[in-house]
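Trainee: Provided below are the primary sequence and the corresponding predicted coordinates.
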Amino acid sequence: MKKLAALFLVTLGAAFAADSKVMNRSPEEQRSVNQHVFAILDQNGAVEGRKYPFDQIFSSDSEQKIVALREELRRLGYVADDVDRHEKDGVVTYSIDAYQHMEFRRSVLERDSLAMLSLAKKHGVFYDGWGAEIGGKEESNSERSDSP
């Protein structure tokens, strides 16, 4: 059975203040979150240097902003899924899941998560976090199996 080691700390919509201002983590908070995700990956048998599909998750109350981010993520080499629309209690948010197969290297993931945090701030969206699927060979999404 496939194990999913991912940490997405914020429920969609919870990252926005009453005035719609995006409230991202600080770089220090992101580093702390990274350590927690690394511990989860270790507990689930992730091997340093092995390739895994690493996900980056973003959300926004603006579809236009999340679409612009998706295009930039694609230029950076990520496979970016379609924008998802969510509605809860009359509040609409949008999210995007972008992933890339890469080697599990803590230093690279630390750097990349901080770059994703900066990218989110640049686009005025929320960086929900990152994670990775580890475990069996069978992928739950056939498109990911075909990716490098």
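Mentor: Good, I have the coordinates.
Trainee: show me what whichever helix or strand residue 38 is part of packs onto, helices and strands only.
Mentor: Element membership of residue 38 [criterion: DSSP states H and E] is helix 27-43. When contacts are defined as 3 or more C-beta pairs under 8 Å, 6 or more residues apart in numbering; DSSP states H and E, helix 27-43 sits against strand 3-6, helix 106-123, strand 126-134. Every C-beta, even on glycine, is put in place using the N, C-alpha and C of the backbone.
Trainee: then the helix or strand just after that helix to CSV, C-alphas only?
Mentor: Next along the chain after helix 27-43, taking DSSP H and E as the criterion, comes strand 51-60. Only the C-alpha atoms of strand 51-60 are listed here, as CSV (Å, rounded to 0.1, in the frame of the first residue of the first chain):
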residue,chain,number,x,y,z
LYS,A,51,13.5,10.0,-6.8
TYR,A,52,10.0,10.8,-5.7
PRO,A,53,7.2,13.0,-7.0
PHE,A,54,7.3,16.1,-4.8
ASP,A,55,4.2,18.2,-4.7
GLN,A,56,3.9,22.0,-4.1
ILE,A,57,0.4,23.2,-3.1
PHE,A,58,-0.9,26.8,-3.4
SER,A,59,-4.2,28.4,-2.8
SER,A,60,-5.8,31.8,-3.4
